[in-house]
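Participant: Quick check, what structure comes out for this input:
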Amino acid sequence: MKPRVFVSRFIPDAGLSLLEKKVSLKVWEGDRPPGKEDLLREAALSDGMIVIPGDPVDREVLAAGHSLKVISSYAVGYDSIDVKAATELGILVTNTPDVLTEATADLAFGLLLAAARRIAEGDRLVRSGGWNQWGPRFMLGKDVSGATLGIVGMGRIGHAVGRRARAFGMEIVYSSRRRDETAEKELGARFLELEALLLVSDFVSLHCPLTPATMGLIGERQLRSMKADSILINTSRGAVVSEEALVRALKEKWIAGAALDVFESEPLPGGHPFMQLDNVVLCPHLGSATIRTRDRMAVLAAENLLAAIEGRIPAHVVNPEVLSRN
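Facilitator: Okay, the predicted model is just below:
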């Protein structure tokens, strides 16, 4: 019998077609994402699963998968997967780095420009019929060229954002778990501790993974330490920022603005305070949302899963400790 595989959303055909040839495939067809009970049921029947960020793949779900060999994340992030439990149970966890780096960096820099030059706010004004004048002080924004960009997390995406910033003549400072000599040499980036970075940056762009150490990394104290005319950009994970503190910061003008592609709860609940603020640009988690990138993610997620099921080493393993046991 073919191994059974469950895919929690309709990923692009580029990935599904690889799976259809080799496995007994079930793709979730519900209008809403699968819930915990759905994942428990599918895990119990599956040899492998492809899931997306937010799917609650906790210890209970993993333990239900008596034949489960691999959880393949259709993303770089895997914070909704209990990797520790997976490792203890001998289940590989894989992800899709590299292929979405450029697309996410494009979006991050696009959000930076949109917030700096008030593009979304201007669009709303024109559409509402409220544009009735032009003057020397009308909708003034913030210069990007020559400004200082603080990058929090100098990984693949942070480095790609730095390349874009350099093309705009920005000064680049960064904080990360460790110094990155390549970024310092290629981008002229200067390493600072987070507290110092927040003090000097005109724009702060977040590119760190969500871990216990980064949960709520940007809270009230950090926001109050930023420049009053600075702008925060987040394309990492929503919970890296305290939304409650950020709402206050935007309302009370601790900072000038924000541009967000990720949120603590997704989709963003109706009536969220962010929706009432003009100085925040909101995007529905579009970091990797280009046709080519999503196709490449689907292929890599499928290839990772097939390699694990077939006893080969996947290209991108989150918990390689499992491999040493086999």
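
Participant: Show the residue spans covered by the helices in the stretch 201-326 of the chain.
Facilitator: Taking DSSP state H, counting those that start in this stretch as the test, the helices found in the stretch 201-326 of the chain are 220-225, 243-251, 291-309.

Participant: ranking the ones you listed by burial, who's on top?
Facilitator: The highest average neighbour count among the helices of the stretch 201-326 of the chain, using mean count of other Cβ atoms under 10 Å, belongs to helix 291-309 at a mean of 22. Any C-beta I mention is one placed from the backbone N, CA and C, and that applies to glycine too.

Participant: Which elements pack onto it?
Facilitator: Using 3 or more Cβ pairs under 8 Å, 6 or more residues apart in numbering; DSSP states H and E, the elements in contact with helix 291-309 are helix 13-20, strand 48-51, strand 70-73, strand 92-94, helix 101-116.

Participant: Can I get those in a markdown table including mean pLDDT?
Facilitator: Formatted as a markdown table, the entries for those read as follows, by pLDDT from 0 to 100:
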| stretch | mean pLDDT |
| --- | --- |
| helix 13-20 | 97 |
| strand 48-51 | 98 |
| strand 70-73 | 98 |
| strand 92-94 | 98 |
| helix 101-116 | 98 |
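
Participant: Quick check: the residue nearest the centre of the chain vs His207, distance?
Facilitator: In the chain, the C-alpha closest to the average C-alpha coordinate belongs to Ser236, at a distance of 3.7 Å (Cα atoms, centre = their mean). Ser236 sits 5 Å away from His207, going by Cβ to Cβ, to the nearest Å.

Participant: Can you pull the residues that touch both of those two?
Facilitator: Residues touching both Ser236 and His207 (Cβ atoms under 8 Å, 6 or more residues apart in numbering) are Gly153.

Participant: per-residue confidence averaged over stretch 167-175?
Facilitator: For stretch 167-175, the mean per-residue pLDDT is 98.

Participant: could you check the distance from the residue lying closest to Ser72 once chain neighbours are set aside over to Gly169?
Facilitator: Distances taken as Cβ to Cβ, 6 or more residues apart in numbering put Leu305 closest to Ser72, at 4.1 Å, once the chain neighbours are dropped. Taking Cβ to Cβ as the criterion, Leu305 is separated from Gly169 by 43 Å.
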